[in-house]
Every structure is written in structure tokens, then in C-alpha cells.
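*Asks:* Kindly return the folded structure for what I paste below:
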Amino acid sequence: MRKAFICPSKYVQGENEILNLGYFVKTFGKKALLIAHKDDAARVQDKLDATAKKYGVEFVKADFKGESSRQEVERLKEIAKKEGCDCTIGLGGGKAIDTAKCVAEGHALIIVPTIAATDAPTSHSAVLYTPDGGFDDYAYFPQNPSVVLIDTTVIANAPVRFLVSGMGDALSTYFEARANVQSFGNVNAGLPCGADRAKGTLLARGTNTAFALATLCYETLLADGYKAKLAGEAKQVTPALENIIEANILLSGLGFENGGLAAAHAIHDGLTVLEEAHHMFHGEKVAFGTICQLVLENAPMEEIEEVINFCLAVGLPVCLKDLGVEDIGDRIYEVAKKTCIPEESIHFMPFPVTEADVVAAILTADKLGREASCFCDCDCE
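*Replies:* Next up, the predicted model:
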């Protein structure tokens, strides 16, 4: 049996860690292309100035335009070439990070998230968009980032909704990895850059290590998620917040990439056809998708209740109404159709899944979530 595991070369997390960014830049040279939205860069400018002075490095500001598009990637590559940059830094949220990945193409890349909203920072993949924000394509690179640098002070001062959304994304990690273990699913960790998973090229199964990390991710969420939310609301770094940042970014990042995706993320993708849910964050939709996956696989009621109660405690959606969808009607079939397209991860569930199965799972999960919300706060119609 062929197995594979991939990860960043270094992961460093701590308070005011951006003050050490210059040290890591210096391992590649003296000049770094800094890909960051001007507002994100402004939030940490004092730290950037301090670390540049301390380590004698230079940050070439690229004034990131906001979309990880092919055009933006090419523009930034030209700046890096013209300025003779030795490495690339992606600082900020998901699109700045993905753009940096595309510019670096897997080499001399430092990722500095300013929020803990998803598990993307550690991965070797990126999402490309059109200049107007529409989905374009996925991109994969020869290796994961060289350094992932987490400044917990910065993340503690970000809006807490980002942290909670990251918990929603991380919530699916264990359950999707478990489904892949049961189905003997293949994971992207074994693929070379540009290989087609569907064609069976150098496929690999997940490792025991990946599943252990995914399991620890879930256990950490249950133990520290609510406490971390409170710390985030107080804008304080506590042990619980540090643990959840690690769960959201590192444990979930390694867990999803090496353990595989399944129904939760596929249902998230299906939910994107609902315009009224477009304002919801990725992790918020994935959280509801996780409840749907548990219904789909007929998980024990105790497990379903544990997940729903966790979502209610931290403020994640548990029903369609929480996603802004008041009346889904026949559009449920559009959601199910998109969820079940051939290339979707739902087909890594350990049993065949039809569009009718998805419809039933979503509507049942919605009812479970509504009832739990009513019991929790008595604030329903």
C-alpha cells in the first residue's frame, strides 16, 4: 500500500512572532516580495519596520489588489524579478496567501496569516479567481510553504468571527479523514505537481499520522473552542486561544491535505449556488456541511448532538436559516446536483452517494439544527 504525507518545512507560532520575520527572510537572502493588502500591512507595519531593521532585510511592497487572479500573479512575478527578490511573503487572509503561493510556485515562500479563518496556510495548493472575483481554477505546487509564521497577538486582535469560522473548517477535518480511512480513499499528498488525481497517477492513501492529527484537531476544538472564542472577544492571547489557532491552521491543515476531504466540503460547494448564503464564510458553511455528512453516514445520535452543541456554543451555523436561507424550496436539488458532480470529494465517502441522498441529509440536518437551536435558546418561531 502506498501512503504519503506532506507538510511545511517550518511552522512557528507565538506572540509578536512577526518581529522574527526578518530572521526567516534572511535564510533566503536580504530582499522579500511582500504580498499583502495595504490594510493588513498597515496593521503590522511597526513590527515589519522593527524586524527589517533588526535583521537587515528589505520588504518590497507589492500593493496586493485583492484578487488571486492570473493577471495579478503575473504582475507580482514581474515585480519580484525586477527587484531581485530572494523570497515571497504572503501576509493577510486567504487570497493574499494563495497569490503568494502562485508567485513563489513552491519555492522560498513564507506565509504569515493575520486571521485563523481557514486551514489553507500550510497547504501546497491555492485557488485562482478571475479579476472580478469568480472561480477560475485550483493550482498545486511542488512543495508546501517553506515557513508558516503565526503571530498570535495579531490573530487575537482580528474580528472573532474569523476565528470561529476557522473552527468550522477544522470541525470537518476528523470526520472527513475518518470517511477516507473507511473508504480507502486516496489523498493529494502523493501527487506530483500537475498530476491528475482522477487518472490514478501516483495515488496514495493517508497515513496513520494524518488521522491522528485529524483526531487531535477535533479533540482540541471540543476542549478549547468556547474558551478561545471568549479570549478572542476579549482580544487576549490565552492557552486556549493558542491551542485553537494551532488546531485551525496546523492540525486541520495537515489533517485535510493528508487525510482527505469528503461530504462536508462537497456540500459546502453545493451550498454556493444559494445566493443568500454568499455572505457566509467558508468555515461557516463547512460546519453545516459536517452535520449533513454525519446524517448522511447515519452517525450515532450522541455524536451528532456533540457536534451540533459545539456549533451552538461557539456560534457556528446548524441549519439553513443560520446560513441566511429561509426557504430553499426546489433549489435543494441544485445544491445536491453541484454537490455530486464527478470531481467532488463526496465520492470519497465509504458508500455510493446520490443526489437524493444529499437532499435527504441536508433537510434532515436542517431540522435537527433548528430543533437544537430552539431547545438551546427558546428563540424560534
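
*Asks:* make it CA atoms for all contacts and neighbour counts henceforth
*Replies:* OK.

*Asks:* the domain parsing of the protein - what is it?
*Replies:* What automatic domain parsing lists as the domains of the chain is 10-156, 160-377.

*Asks:* To residue 1, which of these lies closest?
*Replies:* domain 160-377 (7.6 Å; C-alpha to C-alpha).

*Asks:* can I get the domains of the chain in TSV with distance to residue 2, mean neighbour count and mean pLDDT?
*Replies:* What follows is the domains of the chain, written out as TSV (distance: least, C-alpha to C-alpha, whole Å; neighbours: other C-alpha atoms under 10 Å; pLDDT from 0 to 100):
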stretch	distance to residue 2	mean neighbour count	mean pLDDT
domain 10-156	19	20	95
domain 160-377	5	21	93
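
*Asks:* export the ones you listed to TSV and tack on distance to residue 4?
*Replies:* Formatted as TSV, the domains of the chain follow (distance: least, C-alpha to C-alpha, whole Å):
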stretch	distance to residue 4
domain 10-156	13
domain 160-377	5
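
*Asks:* which stretches of this structure form strands?
*Replies:* Here the chain has its strands, by DSSP state E, at 10-14, 31-35, 58-61, 87-92, 109-113, 125-129, 135-140, 147-151, 186-187, 204-205.

*Asks:* Go through the domains of the chain and name the closest to residue 3.
*Replies:* Short answer: domain 160-377, nearest of the domains of the chain by C-alpha to C-alpha, at 4.6 Å.

*Asks:* roughly how far is the closest one from the heart of the chain?
*Replies:* Centroid displacement of domain 160-377 relative to its chain, using C-alpha atoms, centre = their mean, to the nearest Å, is 10 Å.

*Asks:* Ok, stretch 49-63 next?
*Replies:* The chain centre lies 28 Å from the centre of stretch 49-63; the measure is C-alpha atoms, centre = their mean.

*Asks:* Kindly reformat the strands of the chain as JSON lines containing distance to residue 357.
*Replies:* Listed next are these as JSON lines, based on distance: least, C-alpha to C-alpha, whole Å:
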{"stretch": "strand 10-14", "distance to residue 357": "40"}
{"stretch": "strand 31-35", "distance to residue 357": "43"}
{"stretch": "strand 58-61", "distance to residue 357": "49"}
{"stretch": "strand 87-92", "distance to residue 357": "38"}
{"stretch": "strand 109-113", "distance to residue 357": "37"}
{"stretch": "strand 125-129", "distance to residue 357": "29"}
{"stretch": "strand 135-140", "distance to residue 357": "27"}
{"stretch": "strand 147-151", "distance to residue 357": "39"}
{"stretch": "strand 186-187", "distance to residue 357": "23"}
{"stretch": "strand 204-205", "distance to residue 357": "26"}
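
*Asks:* closest one to residue 273 among those?
*Replies:* Nearest to residue 273, of all the strands of the chain, is strand 135-140, at 12.7 Å by C-alpha to C-alpha.

*Asks:* Just list what the closest one packs against, helices and strands only.
*Replies:* If you count contacts as 3 or more C-alpha pairs under 8 Å, 6 or more residues apart in numbering; DSSP states H and E, strand 135-140 packs onto strand 125-129.

*Asks:* Residues in contact with the strand it packs on: which ones?
*Replies:* 67-70, 95, 98-99, 101-102, 120, 135-141, 144 (C-alpha atoms under 8 Å, 6 or more residues apart in numbering).

*Asks:* ditto for stretch 209-224
*Replies:* With contact meaning C-alpha under 8 Å, 6+ apart, stretch 209-224 is reached by 5, 167, 170-171, 173-174, 177-178, 240-241, 243-244, 247-248, 251-252, 254-256, 258-259, 310.

*Asks:* now swap in stretch 361-375 and tell me
*Replies:* So stretch 361-375 is contacted by 288, 291-293, 295-296, 308-309, 312, 318-320, 379-380 (C-alpha under 8 Å, 6+ apart).

*Asks:* again, only using 7 Å
*Replies:* With contacts defined as C-alpha atoms under 7 Å, 6 or more residues apart in numbering, stretch 361-375 is touched by 291, 292, 295, 296, 308, 318, 319, 320, 380.

*Asks:* Chain neighbours aside, what residue packs nearest to the third one?
*Replies:* It refers to residue 295. The shortest distance from residue 295 to any non-neighbouring residue, by C-alpha to C-alpha, 6 or more residues apart in numbering, is to residue 361 (5.5 Å).

*Asks:* And the one you found, how far from residue 368?
*Replies:* As for residue 361, its distance to residue 368 is 10 Å (criterion: C-alpha to C-alpha, to the nearest Å).

*Asks:* Then residue 75?
*Replies:* Applying C-alpha to C-alpha, the value for residue 75 to residue 368 is 49 Å.

*Asks:* go on, residue 277?
*Replies:* Separation of residue 277 from residue 368 (C-alpha to C-alpha): 19 Å.

*Asks:* Could you do residue 60 as well?
*Replies:* Counting by C-alpha to C-alpha, the gap from residue 60 to residue 368 is 51 Å.

*Asks:* what does residue 24 give?
*Replies:* Residue 24 is 48 Å from residue 368, by C-alpha to C-alpha.

*Asks:* what does residue 263 give?
*Replies:* Residue 263 is 18 Å from residue 368, by C-alpha to C-alpha.

*Asks:* same thing with residue 105?
*Replies:* 44 Å.
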